[in-house]
Structure formats: C-alpha cells, structure tokens
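S.K.: turn this into a structure:
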Amino acid sequence: MDTLDKDDVQILQLLQYDARLTNKEVADKIGKSITPVYERIKRLENEGYIQRYVAVLDQRKIDKSLTAYTLVLLKEHTREMLKTFEKEAVKLEEVMECYHMAGQYDYLLKIAVKDMDEYADFMLNKLAKLSNVGTVHSYFVLNEAKRETAYRISLPEKPGNAKMKRAGRNRPEKHDK
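M.R.: Numbering: from 1, shown residues only. Alright, predicted model coming up:
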C-alpha cells in the first residue's frame, strides 16, 4: 500500500465496480490524461494489485442455485497432507473458493451446485474420495443478503496527519460572532 497514491486508489475503486471501463473513461473520471492512466493500470497489474478481470454472474441463471459453505477437518495435519488436500480440492469444479483456516476445522470450501441432489453427488463421489478427509460439516445458503466483490481502499495515513487529527488541528476554527 505504500506505493499507492490517491490516483492509484481511485483507479482501483473504479475498476472494481466496472472492469470494462476504458482508459479514457477512467482518465475522465479521475481528471487525468489517458497515457498516464494506461501506465498506472499496467503498473498496478504488474505489481499484482490487479490480479484479473472477471464478470460476476447470476448463479440462478446458470443453474448453480445452491451454495454451500463446507467445513473440512482432516485426519492428519502434516504439511504434506494439508498441501495434498488443497491441490485435490481446488481441482474440483464445484469448489468456488478454498481457504485454509485456523480453528476447529482445517478448510472452508464454498461449493456451487444446481441443487441438493448435485450436492449429495459431489459429497459422495468427489469430496469424500479425497485423501485424508475426516469430518465434513456443511451450511447451506437460504438467501443471499449481500455479495460484494469490491474492497474499500484507503491510503495509509501519513504520520504527521494522524498527530494533527488527534490534536484537533484539522478542524475548522470556531469564531465568536
């Protein structure tokens, strides 16, 4: 974050909400010319701030109406066994997200399937067949109240600004009338 400035943050915010914006549209929105915006976007891509561009789909329209969050506890916890499970799990097309977790369970998987029958088939014929799987506990999404893909980004505060704010020097002065 130390290498980002206000313009970089504005570009990232805009592209998170609409990755189809052209360099000209981004430049117009942040009040810059096209070439520097193009160069900034390329730098943000090269530095890994922008990993890829995607379209967010309506799951119901593509027949993936059932979402399950599945917790997996492995039998063995050696580094090799953890890495093996990860490699196997991420290859399963139903697994949309895979997180190695701290706590009671080892992994949290986000599973997207058509319906409960497809989920049962996934559990019996794919997940249960992975090596080292012990306990599995699933939660099913009834209603999606919020799904956000954009992160709120703010610049790190400069040391001098933080001190001024705490001292109240950033506030407008009150004048007696």
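
S.K.: low-confidence stretches in this protein?
M.R.: 1-2, 158-177 (pLDDT under 70).

S.K.: repeat that for 90
M.R.: 1-3, 131, 154-177 (pLDDT under 90).

S.K.: residue boundaries of the helices in it?
M.R.: In the chain, the helices defined using DSSP state H lie at 6-17, 23-30, 34-46, 79-89, 116-122, 159-167.

S.K.: list the buried residues in stretch 94-110.
M.R.: Residues of stretch 94-110 classed as buried: Glu94, Val95, Cys98, Tyr105, Asp106, Tyr107, Leu108, Leu109 (neighbour count, 16 or more other C-beta atoms under 10 Å). In short, each C-beta sits where N, CA and C put it, glycine included.

S.K.: send over it as PDB, restricted to the C-alpha atoms.
M.R.: Taking C-alpha atoms only, stretch 94-110 is exported to PDB below (Å, rounded to 0.1, in the frame of the first residue of the first chain):
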ATOM      1  CA  GLU A  94     -17.900 -27.200  -7.700                       C
ATOM      2  CA  VAL A  95     -15.300 -25.700  -5.300                       C
ATOM      3  CA  MET A  96     -15.500 -21.900  -5.900                       C
ATOM      4  CA  GLU A  97     -13.300 -20.900  -3.000                       C
ATOM      5  CA  CYS A  98     -11.000 -22.800  -0.700                       C
ATOM      6  CA  TYR A  99      -9.500 -21.400   2.500                       C
ATOM      7  CA  HIS A 100      -7.100 -23.000   5.000                       C
ATOM      8  CA  MET A 101      -8.500 -21.900   8.300                       C
ATOM      9  CA  ALA A 102      -7.400 -21.600  11.900                       C
ATOM     10  CA  GLY A 103      -9.800 -23.000  14.500                       C
ATOM     11  CA  GLN A 104     -11.700 -26.300  14.800                       C
ATOM     12  CA  TYR A 105     -11.800 -27.100  11.100                       C
ATOM     13  CA  ASP A 106      -8.900 -27.100   8.600                       C
ATOM     14  CA  TYR A 107     -10.600 -25.800   5.400                       C
ATOM     15  CA  LEU A 108     -13.600 -23.800   4.400                       C
ATOM     16  CA  LEU A 109     -14.900 -24.500   0.900                       C
ATOM     17  CA  LYS A 110     -17.500 -22.600  -1.000                       C
END
